[in-house]
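J.: Please work out how this folds:
(chains A, B and C)
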Amino acid sequence: MRPKWQRMLKKIYRLTKHGSFGFVYRRGESKATAGFSLFYVKSASLKIGFSISNKLGKANRRNKLKRRMRAVVRELLPLKRYQIVIVARQNAAAFGFAQIKEQITELIDKAGLRSNEKKEA
RNA sequence: CGAGAUGGUCGGGCGGUUGCGUUUUUAACGAGGAAAGUCCGAGUACCGCAAAACAGAAUGCCGGCUAAUUACCGGUGAAGGCGACUUUAAGGAAAGUGCAACAGAAAUAGACCGCCCGUUUUUCGGGUAAGGGUGGAAAGGCGAGGUAAGAGCUCACCGCCUCGGCGGCAACGCUUAGGGCACAUGUAAACCCCAUUCGGUACAAGAUUGUUAAGGCAAUAAGGGUUGUUUUGCCCGCCUUACAGUAUCGCUCGAACUCAGCGGCAACGCUGAGUCAAGAUAGAUAACCGCCAAAUACAGAACUCGGCUUACAGACCAUACUCGGCGA
RNA sequence: GGCGGCAUAGCUCAGCUGGCUAGAGUACUCGGUUCAUACCCGAUUGGUCGUAGGUUCGAAUCCCACUGCCGCUA
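T.: Okay, the predicted model is just below:
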């Protein structure tokens, strides 16, 4: 039996509503690297959203980037209970998986979002 | 052997670890040939598609095919290529209007040079489109006769037009005879004419909860609607807010797909058997490894189909196909 | 998802009822003016008219297909 937090990227753990994105942008704190920006605000439960602009490429390329970002975040679990939005910046389109992993890991650490709790509280 | 022509296929596979979506949850299934562009045509849903006229838009050789089309398939003509073959918005310029710069004498109507005749010494008047020059286009072409010089003025051949015959469902082709060229050049992707077609809005349509509740305005004639305009006719109280949300349904079994047989040159149709194969909603296919000798282009479903257009690494197949070279 | 518009000199725009040399302002460069700079005056340079086909004798202009940018709608 896997612990619950490992299945975290199911639908319920995603940030869905458009308004929520706006809320995080307005109220949250932010950190950034060359490829990504991270917005986060404290919340009752953990929700993660990804944002990739039209300017980064066609649908195919954006989708791939999003999948890779999601894969990276999954490996970094568990995280603290925040609403988090990760935005891909323009030069992120050229990154390989290794670079994405490196930068997002750096961001999460910078913001101090890592959680030590191994079980859902 | 080289260079082509046409038609078609594939668009990585297998295994492993972790992970996501849907459902019938120890399991099964899970992006494309273009899913793209949104250029056409439908299904489907809603709006009272009420009638007529006008406007507007689209299409434009013939036949077939289809749920439907302007698409598609086959043919005819035209253009291009040595050829296999390819391309083709291809009705009407004898209904009318417009435009045709520059050049040229003249652009749809006449005489610059030239030629001929007369007059006469300086040229002027007349005839003439055979020759020169200009132009994209110059009064059917070319040869002979003819003539003062010329001219379809006459004749042969070619072209054009008319009538007839034969073949073809037809577009059209072949051809006898006649007309002698009149309409007199080009442009309709200029206006236009003729023929045919077209109600509007697009699944963010719309339905359900819902013949809901509250408030405001108006009170029998003003106004509004009938989705380009007008006329006639017809209909109607109107507006805001709340439940309400990103809810649920629409949402995937459909003009479906696969295989086989038959009909057809083909598009396509008919019959039989089999299959159910994404349905998300900030939006599911990823990360990594191994093997296949090496390597993966263009690219991600958003209501669904039929076509078109555009992008595309690499690999492969077919043909009584074409041209050239060499050898027997 | 649906619908519309624009693309012309380095920059901002005309020209788009097909034809004359694609033009104006500005910028750049040069010359003049001034003791010198600016203003001002004069001249020069700079365009495959977004790309690629078609119609036409002839296309920036008409038609068609792409590319990029901008806007509207829900």
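J.: going forward, measure contacts between C-alpha atoms and count neighbours the same way
T.: Noted.
J.: would you list every one of the strands in chain A?
T.: For chain A, the strands defined by DSSP state E occupy A:29-32, A:36-42, A:47-52, A:82-88.
J.: Out of these, which gets nearest to RNA strand B?
T.: RNA strand B lies closest to strand A:47-52 among the strands of chain A, at 5.4 Å (CA to the nearest atom of the strand).
J.: Where do the helices of chain A begin and end?
T.: A:18-27, A:59-76, A:97-111 (DSSP state H).
J.: mind giving me JSON lines with these and columns for distance to RNA strand B and mean neighbour count?
T.: Listed next are the helices of chain A as JSON lines, based on distance: least, CA to the nearest atom of the strand, whole Å; neighbours: other CA atoms under 10 Å:
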{"stretch": "helix A:18-27", "distance to RNA strand B": "4", "mean neighbour count": "14"}
{"stretch": "helix A:59-76", "distance to RNA strand B": "4", "mean neighbour count": "15"}
{"stretch": "helix A:97-111", "distance to RNA strand B": "5", "mean neighbour count": "16"}
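J.: how about these in a markdown table, adding mean pLDDT?
T.: Shown next, in a markdown table, are these (pLDDT from 0 to 100):
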| stretch | mean pLDDT |
| --- | --- |
| helix A:18-27 | 68 |
| helix A:59-76 | 76 |
| helix A:97-111 | 80 |
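J.: need those helices in JSON lines with distance to residue A:38, can you?
T.: JSON lines is the format used below for those (distance: least, CA to CA, whole Å):
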{"stretch": "helix A:18-27", "distance to residue A:38": "10"}
{"stretch": "helix A:59-76", "distance to residue A:38": "12"}
{"stretch": "helix A:97-111", "distance to residue A:38": "7"}
